[in-house]
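>>> Coordinates only, no sequence provided:
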């Protein structure tokens, strides 16, 4: 059976320097996504969305493994797009006003049809309130700048500032949404060791 580690196959997108921001080009990829709003630390909707995305992603993994493809792969990490209607209010003091799209990247052989089949099968096994909100979508950010943050989410400020300084110094303009990729299992790893890629789409 063929085994694929997409974090290694796409290392330039799922690894980043801690010391400096880097420019990457993000091609079109497929994701499972759920939209929502509110403070992710206290929102039941956010926790429900995370559970639904991982439940479907793992079910798809086993469908692919047992299917004609016969391919075993690791489920990709959770990612989040973050913004606010008024971006001047997009800060850690106003998390209740945050809007978000959380998502998990899917390999090319996961189709929208297969995703719908997985949702229906998971519905038979689990009662998950966010299953009806899962969607399959192709997404590309194009040229972006990213950097790795090590530590708890509450300490991201200096890393984000370093990213934004790089963007300004290279005469780029920020476009799109603040993007984070959560590489660590926060249930097991100590907060000071959490790894998060922080990414921002840009244009000249």
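Here it is on my side, so go on. Every value quoted in this text rests on a predicted model; they were computed, and no experiment measured them. Numbers count the residues shown, from 1 in each chain.
>>> Every contact and neighbour count from this point should use C-alpha atoms.
Noted.
>>> Now do the contacts for the spatially most central residue of the chain.
Centroid-nearest residue in the chain: residue 79, 1.1 Å away (criterion: CA atoms, centre = their mean). Shown in contact with residue 79 (CA atoms under 8 Å, 6 or more residues apart in numbering): 102-104, 179-182.
>>> Let's see that with 7 Å instead.
Going by CA atoms under 7 Å, 6 or more residues apart in numbering, residue 79 touches 102-104, 180-182.
>>> quick one, phi/psi of it?
With angles defined as degrees, to the nearest 10, residue 79 sits at phi -130, psi 160.
>>> circling back to that earlier point, most neighbours, which of the contacts of residue 79?
Neighbour counts for the contacts of residue 79 peak at residue 103, which has 27 neighbours (criterion: other CA atoms under 10 Å).
>>> so what's that residue bridging to?
residue 33, residue 79 (DSSP bridges).
>>> surely it meets residue 29?
No: counting by CA atoms under 7 Å, residue 103 stays clear of residue 29, with 11.5 Å between them.
>>> longest helix of this structure?
When every helix of the chain is counted residue by residue (DSSP state H), the longest turns out to be helix 44-66.
>>> Can you name every helix or strand that the next helix or strand after it contacts?
Counting by DSSP states H and E, the next helix or strand C-terminal to helix 44-66 is strand 71-73. Judged by 3 or more CA pairs under 7 Å, 6 or more residues apart in numbering; DSSP states H and E, strand 71-73 is in contact with strand 2-4, helix 44-66.
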